[in-house]
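Need a 3D model of the following:
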Amino acid sequence: MAKQTAISFIAEDTRLVGDIQSNARLMVEGSVEGNIRCAELTISPSGRVAGDLQAGTVSVAGRHNGTVVAHKKLTIHATGSVEGTILTRSLIIEEGGRVDGDIKVMTAVEEFPEHV
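You can find the predicted model right below:
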């Protein structure tokens, strides 16, 4: 049987100030002010994150301000907004999604910076 990845959840009425580091998947429906490192990150339409992000995959339907390092893929949904620097191997921006900043799509042989 395949190992299930745990999911951590920041509820819509929650405001968290501080850094988060986890090997789990993280869903943000509330507000986070701090840096996040996790396996997979989802920012829901009500979610707000101010800080640097580093994850395998990142999905933004809410708002993010800071640097995003998505080692596999970054998806910015129609309701999503990213303001800052983006480094990823794959980028999807749905119609209506917003980006204000620098974007670098990394090649398969390029290495991501260790510290963001």
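
Enumerate residues external to stretch 12-24 that contact any of its residues.
Stretch 12-24 is contacted from outside by 5-8, 10, 26, 29-39, 44, 46, 51, using Cβ atoms under 8 Å, 6 or more residues apart in numbering. Just so you know, the C-beta spots here come from the backbone N, C-alpha and C atoms, and that holds for glycine as well.

Tell me the pLDDT of the residue lying closest to E40 once chain neighbours are set aside.
Using Cβ to Cβ, 6 or more residues apart in numbering and skipping the chain neighbours, the partner closest in space to E40 is R25 (4.2 Å). R25 is assigned 95 on the pLDDT scale.

Quick check: the most centrally placed residue in the chain vs V49, distance?
With distances taken as Cα atoms, centre = their mean, V58 lies nearest the centre of the chain, 4.0 Å away. Between V58 and V49 the distance is 10 Å, computed by Cβ to Cβ, to the nearest Å.

Please identify every residue contacting each of those two.
Any residue near both V58 and V49 by Cβ under 8 Å, 6+ apart counts here, and that gives I43.

For the nearest residue to R48 once chain neighbours are set aside, grab the count of nearby residues.
Counting by Cβ to Cβ, 6+ apart, S31 is the residue found nearest to R48 once chain neighbours are left out, at 4.5 Å. Using other Cβ atoms under 10 Å, the number of residues around S31 comes to 19.

Find the residue ranges of this protein scoring beneath the pLDDT cut-off.
By pLDDT under 70, the weakly predicted segments of the chain are 1-5, 109, 114-116.

any chance you could map the strands in it?
7-10, 15-17, 20-21, 25-28, 31-33, 36-37, 40-43, 48-50, 53-60, 63-65, 68-76, 81-88, 91-93, 98-105 (DSSP state E).
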